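Peer 1: Need the 3D shape of this:
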Amino acid sequence: MSEIFLGQTSDFAEGDYRIFAVDGVEVGVFRVDGDLLAWRNHCPHFGGPVCQGRVFNRVSETVTAERTTDGLCFAGERHVICPWHGFEFDLRTGRHPGDPRYRLQKIELSVRDDQVFVRLP
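Peer 2: Okay, here's the model as predicted:
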């Protein structure tokens, strides 16, 4: 399949995302720490529009030796949360943090001369 032009790199603000319909497939493009990443807008859990969910740093909870909580903290990884059932995925790897069976489908993205292109599998 040929490459599809999506826009200029300046069209994608840091920490933001955009959804595109490409040949009948919805693609979410995210800018994370200056990098552009593309994922199919389809949650592997139950088919929800995962790329339209909230994006935030991964939340972790520290448990003490006494098995009590030491509180919540935000880790450095950026996650997207599926709006249907709350499944979360690391935006860099596409992996669910607790269950390796669930992973987003990566879409090939390239940048040339400040132009952004995707290629569907």
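Peer 1: Could you tell me which strand of the chain is the longest one?
Peer 2: Assignment by DSSP state E gives strand 69-81 as the longest strand of the chain.
Peer 1: residues of it that come out buried?
Peer 2: In terms of neighbour count (16 or more other Cβ atoms under 10 Å), strand 69-81 has its buried residues at 78-81. Placement of C-beta: from N, CA and C, glycine included.
Peer 1: Spit out the contact partners of the residue nearest to the spatial centre of the chain.
Peer 2: For the chain, the residue nearest the mean C-alpha position is residue 91 (3.6 Å; Cα atoms, centre = their mean). Going by Cβ atoms under 8 Å, 6 or more residues apart in numbering, residue 91 touches 30, 32, 37, 39, 55, 77-80.
Peer 1: can you pull up the bridge partners for the nearest residue to it once chain neighbours are set aside?
Peer 2: Here the nearest residue to residue 91 in space, its sequence neighbours aside, is residue 78; by Cβ to Cβ, 6 or more residues apart in numbering that works out to 4.6 Å. In this entry, residue 78 is beta-bridged to residue 57, by DSSP bridges.
Peer 1: I'd assumed residue 59 was in contact with residue 78.
Peer 2: No: contact criterion Cβ atoms under 8 Å: residue 78 and residue 59 do not qualify, at 11.8 Å.
Peer 1: And the strands in this structure, which stretches?
Peer 2: Applying DSSP E to the chain gives strands spanning 4-8, 17-22, 25-32, 35-40, 54-63, 69-81, 88-90, 108-112, 115-119.
Peer 1: Format those as CSV; extra columns: distance to residue 102 and mean pLDDT.
Peer 2: What follows is those, written out as CSV (distance: least, Cβ to Cβ, whole Å; pLDDT from 0 to 100):
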stretch, distance to residue 102, mean pLDDT
strand 4-8, 26, 96
strand 17-22, 19, 94
strand 25-32, 16, 96
strand 35-40, 13, 97
strand 54-63, 15, 83
strand 69-81, 12, 83
strand 88-90, 7, 95
strand 108-112, 21, 97
strand 115-119, 22, 97
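Peer 1: tell me the most buried of the ones you listed?
Peer 2: strand 88-90 (a mean of 21; mean count of other Cβ atoms under 10 Å).
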